[in-house]
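1. how would this look folded up:
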Amino acid sequence: MAFKLLFQTDVGRNPWQQAMDRMLEEEPLPDKSREFLEQLVKGTLQHLKEIDQLISQHSREWSLERMANTDRNILRMAVFEIKYIEDVPAGAAINEAVELAKRYGDENSGKFVNGILGQIVREMTSETSGQVPESTEG
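-> Numbers count the residues shown, from 1 in each chain. Just a heads-up that it's a prediction; the model follows:
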């Protein structure tokens, strides 16, 4: 649902809160799930500039504008989870993003999303451990 809301906000230019209200009228969620949904969407949009910069650094040959709309929004959501939600393991966020990319993207979306997220996590891990990041292709 968070991916669909981010997609509607990005591509359809729909205000996220209105889109969420409509979506939840059709598909109600328990309070805890609704809170997490709102955290994902609101947080991703609040940190969009920083998230987009991070994605752009690791997708050298693909500008954000050139990326498939699905891939771009899946990456944004996953980067937010990895970078800002402490109790979501990076591996779980990556796996979920890859599955979404396979479901909603084209035949190469899963590999593309996995590659970029893998690079981002490696860089974040090397920064926190004090190691110099390895050069990555891709």
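
2. where does the chain dip in pLDDT?
-> Applying pLDDT under 70 to the chain picks out residues 129-138.

3. Spit out the contact partners of residue 100.
-> 3, 70, 74, 113 (C-beta atoms under 8 Å, 6 or more residues apart in numbering). Any C-beta I mention is one placed from the backbone N, CA and C, and that applies to glycine too.

4. The one helix or strand it maps to: which residues count as buried?
-> According to DSSP states H and E, residue 100 maps onto helix 90-104. By 16 or more other C-beta atoms under 10 Å, the buried positions in helix 90-104 come out as 90, 93, 94, 96, 97, 98, 100, 101, 102, 104.

5. Can you name the helix or strand that the closest residue to residue 14 other than its chain neighbours falls in?
-> Residue nearest to residue 14 in three dimensions, not counting chain neighbours: residue 8, with 4.6 Å by C-beta to C-beta, 6 or more residues apart in numbering. Residue 8 is part of helix 2-11 when elements are defined by DSSP H and E.

6. by contact count, what packs against that helix?
-> On a contact count with 3 or more C-beta pairs under 8 Å, 6 or more residues apart in numbering; DSSP states H and E, helix 2-11 meets helix 16-26, helix 31-46, helix 69-84.

7. Which residues does that helix contact?
-> For helix 2-11, contacts defined as C-beta under 8 Å, 6+ apart pick out 14-16, 19-20, 23, 37, 40-41, 44-45, 69-70, 72-74, 76-77, 100, 104.

8. Out of the helices and strands packed on helix 2-11, which is the most enclosed?
-> Ranked by mean neighbour count, the helices and strands packed on helix 2-11 are led by helix 69-84 with a mean of 24 (mean count of other C-beta atoms under 10 Å).
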